[in-house]
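K.L.:
Predicted coordinates and the sequence they were generated for:
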Amino acid sequence: QVQLVESGGGLVQAGGSLRLSCAASGRTFSTMGWFRQAPGKEREFVVAISYSGNTYYADSVKGRFTISRDNAKNTVQLQMSSLKAEDTAVYYCAAGLGGRVRSGYDRWGQGTQVTVSS
């Protein structure tokens, strides 16, 4: 069974850091990444990493977030620094062919809440 299991997240003050992890089971994916969805907003692309290590960041997180991948363990990590209140959202791990739109991913995690207090 193909699954994405997320861990990490929580409550942090503005300017702080958090680390999210996602473990995939059942198969290896071309691209893994993260989307986020704030209350009342559409789910939006945050960052993605290809199997070869190419990374793609949304402008809003560039320079603050760093994605990494361990192909041997089939995991991806998202290090988030200099967090802002506007980063507050449910973060979803995604896996699939890739891209900056939801249709490029066919597997999703259950979501993990990130709350940044100002």
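P.N.:
Good, I have the coordinates.

K.L.:
Would you map the strands across this protein?
P.N.:
Remark: strands assigned in the chain by DSSP state E are 3-8, 10-13, 18-25, 31-37, 44-50, 55-57, 65-70, 75-80, 89-96, 105-108, 112-117.

K.L.:
would you turn the ones you listed into a markdown table with mean neighbour count?
P.N.:
From N, CA and C alone the C-beta is placed, and that goes for glycine too. Below are the strands of the chain laid out as a markdown table (neighbours: other C-beta atoms under 10 Å):
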| stretch | mean neighbour count |
| --- | --- |
| strand 3-8 | 16 |
| strand 10-13 | 12 |
| strand 18-25 | 18 |
| strand 31-37 | 23 |
| strand 44-50 | 21 |
| strand 55-57 | 17 |
| strand 65-70 | 18 |
| strand 75-80 | 21 |
| strand 89-96 | 22 |
| strand 105-108 | 17 |
| strand 112-117 | 17 |
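
K.L.:
Any chance of those in a markdown table with mean pLDDT as columns?
P.N.:
Compiled in a markdown table, the strands of the chain are given as follows (pLDDT from 0 to 100):
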| stretch | mean pLDDT |
| --- | --- |
| strand 3-8 | 95 |
| strand 10-13 | 98 |
| strand 18-25 | 97 |
| strand 31-37 | 98 |
| strand 44-50 | 98 |
| strand 55-57 | 98 |
| strand 65-70 | 98 |
| strand 75-80 | 98 |
| strand 89-96 | 98 |
| strand 105-108 | 96 |
| strand 112-117 | 98 |
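
K.L.:
Now do stretch 85-95: distance to the chain's middle.
P.N.:
How far stretch 85-95 lies from its chain's middle: 6 Å, per C-alpha atoms, centre = their mean, to the nearest Å.
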